[in-house]
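Colleague: Sequence below, structure please.
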Amino acid sequence: MNIIMRTATIGSVAMFVFALSAPVKGEISSSIEDGGSVEVKSEYTTFANRGSSLRRTWVTVNDSNSPVKLAKAGINADYSDNFRFTPSGLANMRKDVVAFEVRFLLYDMFGNHMKTLSSTEVEDAESGNLFNLGSGEWRAWRNDATEFLLSVAYVAQVRTGDGKIWRYNAKGIARELAKVEIKIDAGLLEPTKEK
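Modeller: Down below sits the predicted model:
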């Protein structure tokens, strides 16, 4: 059975129970993909940014030590009963995994950070399995959906089948994003708290 948790905050309750893997710095790399038009559409019509030539950009960041590798990961904005953000992409399991969290940093048309979304997937997956990130959604305000231009996706944490916890390298991600001229500080890597 596939159990999916979508959270906007990270709790620290009972984290001491989990076995932590030894921190070893891996190679951080990024890829850039075309995330499609900035037009915000429903099944029947275009709600916003009609006729714009702007295209969304998806930046996928991977750490060579992560038990999960992302491919073509990003966020779409559309309308279905309300404005929403939906994830896209694939996660390749490099080890047996029982849970993993992917975070998405969202930026507007002018390079300003808008919010950080978090998606936690809880599912037993064997090494070599592919997981489609395309399930789930986050509600969006109209302004957020229409102003959103660029997303950065990275694996934040992973619980492996043997109980070890792997966590992201914040400094490594910041250095990699600086190469593609995206400025971040440590606070932006944490999920945005809903108000």
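Colleague: who does the longest helix along the chain touch, helix- and strand-wise?
Modeller: If you go by DSSP state H, the chain has its longest helix at helix 170-179. Contact partners of helix 170-179 among helices and strands, from 3 or more Cβ pairs under 8 Å, 6 or more residues apart in numbering; DSSP states H and E: strand 28-37, strand 55-63. Using the backbone N, CA and C atoms, a C-beta is placed for each residue, glycine as well.
Colleague: helix or strand right after the last one?
Modeller: Think strand 55-63. strand 68-79 (DSSP states H and E).
Colleague: Show me which residues of that following strand are buried.
Modeller: By 16 or more other Cβ atoms under 10 Å, the buried positions in strand 68-79 come out as 68-70, 73-79.
Colleague: Next, give me the two most distant ones among these.
Modeller: Comparing every pair within these by Cβ to Cβ identifies 69 and 79 as the most remote, at 31.5 Å.
Colleague: all strands in the chain, in order from the N-terminus.
Modeller: Taking DSSP state E as the criterion, the chain carries its strands at 3-5, 19-20, 28-37, 40-41, 46-48, 55-63, 68-79, 83-93, 97-108, 113-125, 130-132, 138-139, 148-160, 164-167.
Colleague: can you redo these as a markdown table with distance to residue 184?
Modeller: Formatted as a markdown table, the strands of the chain follow (distance: least, Cβ to Cβ, whole Å):
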| stretch | distance to residue 184 |
| --- | --- |
| strand 3-5 | 25 |
| strand 19-20 | 24 |
| strand 28-37 | 12 |
| strand 40-41 | 25 |
| strand 46-48 | 27 |
| strand 55-63 | 11 |
| strand 68-79 | 16 |
| strand 83-93 | 19 |
| strand 97-108 | 7 |
| strand 113-125 | 7 |
| strand 130-132 | 25 |
| strand 138-139 | 20 |
| strand 148-160 | 8 |
| strand 164-167 | 17 |
